[in-house]
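no sequence for this one, just the structure:
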């Protein structure tokens with residue numbers, strides 16, 4: 001889960017973590033003074049990205065939910081959709097090219113531009129860019145190579161690694177094209193997928209890209225639109 005706090009006081013949450021992390025996420029948001037969410041982006045309907053949503057439902061009232069539009073049909077996804085309808089939360093499936101200004105920042109949807117049949121939820125993920133002044137963030141969700149190759153992705157300063165650092169999401173060619181200065185990878189220690197993969201770590205080192213991992217604690221990035229700093 002990634003919370004963006006904009007200069008006009010608005011908040012955007014990108015993904016909400018797994019079901020068993022919902023209460024912790026609510027507690028964290030409250031601890032940093034976030035009591036309402038203007039936009040919640042559910043990048044794709046896998047449990048580790050939407051599981052915590054039902055714990056957050058009160059904070060979403062009055063806000064909006066953006067969804068990839070991919071229907072996996074799981075009980076969890078159906079539950080999330082029922083609660084969105086029940087609470088009257090505005091819901092949309094913005095596609096590539098959609099932009100919105102929040103404070104002095106611009107949020108742009110880069111993918112998907114339509115549903116790519118036969119490639120599953122990961123490759124129908126919402127990929128988005130957040131730009132504030134000269135500093136930009138690229139949020140890759142669980143997009144894999146098949147989705148990346150269908151979209152020309154812009155350069156960025158801070159990259160949220162695709163698919164928890166999987167070899168299917170990040171490679172040397174991708175890093176060369178977007179030229180990030182810093183990467184953040186979200187994964188749990190001892191995960192059965194062995195994320196992040198060695199090939200990705202090697203590619204980051206070869207490209208000279210610094211890496212922060214959520215397995216070591218929350219990663220906080222602050223920017224004034226000219227430079228940025230990171231702490232953990």
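It's in. On a predicted model such as this, the values are computed, not experimentally measured, just so you know. Residues are numbered from 1 along each chain as shown.

Now do the longest helix anywhere in the chain: everything it contacts.
The residue-count maximum for a helix in the chain (DSSP state H) belongs to helix 75-87. Outside helix 75-87, the residues within contact range by CB atoms under 8 Å, 6 or more residues apart in numbering are 19, 42, 45, 47, 50-51, 53-54, 57, 60-61, 65, 71, 91. No exception for glycine: its C-beta is placed from N, CA and C like everyone else's.

at 7 Å instead, please
The set of residues external to helix 75-87 that reach it, using CB atoms under 7 Å, 6 or more residues apart in numbering, is 45, 47, 50, 51, 53, 54, 57, 61, 65, 91.

Tell me how many other residues crowd the second one.
The local packing count at residue 47 equals 15, with neighbours defined by other CB atoms under 10 Å.

which residues does it contact?
Listed by CB under 7 Å, 6+ apart, the contact partners of residue 47 are 18, 19, 76.

What subset of those is buried?
18, 19, 76 (16 or more other CB atoms under 10 Å).

I'd like to know how far the spatially closest residue to the first one that is not a sequence neighbour sits from residue 180.
Take residue 18 and drop its neighbours on the chain: the residue closest to it by CB to CB, 6 or more residues apart in numbering is residue 51, 4.1 Å away. When distances are taken as CB to CB, to the nearest Å, residue 51 and residue 180 turn out to be 28 Å apart.

Over to residue 147?
18 Å.

Touching the helix or strand hosting residue 58 from outside, list them.
Element membership of residue 58, judged by DSSP states H and E, is helix 57-60. Residues external to helix 57-60 that are found in contact with it (CB under 7 Å, 6+ apart): 29, 35, 36, 37, 40, 83, 87, 89.

if we go to 8 Å?
By CB under 8 Å, 6+ apart, helix 57-60 touches 26, 29, 34, 35, 36, 37, 40, 53, 83, 84, 87, 89.

any idea how far the residue nearest to the fourth one when sequence neighbours are not counted lies from residue 74?
Nearest residue to residue 35, sequence neighbours excluded (CB to CB, 6+ apart): residue 59, at 6.6 Å. For residue 59, the distance to residue 74 equals 23 Å [CB to CB].

Mind checking which of these two has more residues around it?
More neighbours surround residue 59 than the other of residue 59 and residue 74, with 19 against 14 (other CB under 10 Å).

Nearest residue to residue 130 in space, please, no chain neighbours.
Nearest residue to residue 130 in three dimensions, chain neighbours excluded: residue 137, at 4.5 Å (CB to CB, 6+ apart).

so what strands line up beside the helix or strand encompassing that neighbour?
Counting by DSSP H and E, the element that carries residue 137 is strand 135-139. Applying DSSP bridges to the sheet, strand 135-139 is found paired with strand 127-132 (antiparallel), strand 158-160 (parallel).

quick one: contacts for the residue lying closest to residue 217 once chain neighbours are set aside?
If the residues on either side of it in the chain are set aside, residue 217 comes closest to residue 232, at 5.2 Å by CB to CB, 6+ apart. By CB under 8 Å, 6+ apart, residue 232 lies in contact with 212, 216, 217, 218, 219, 220.
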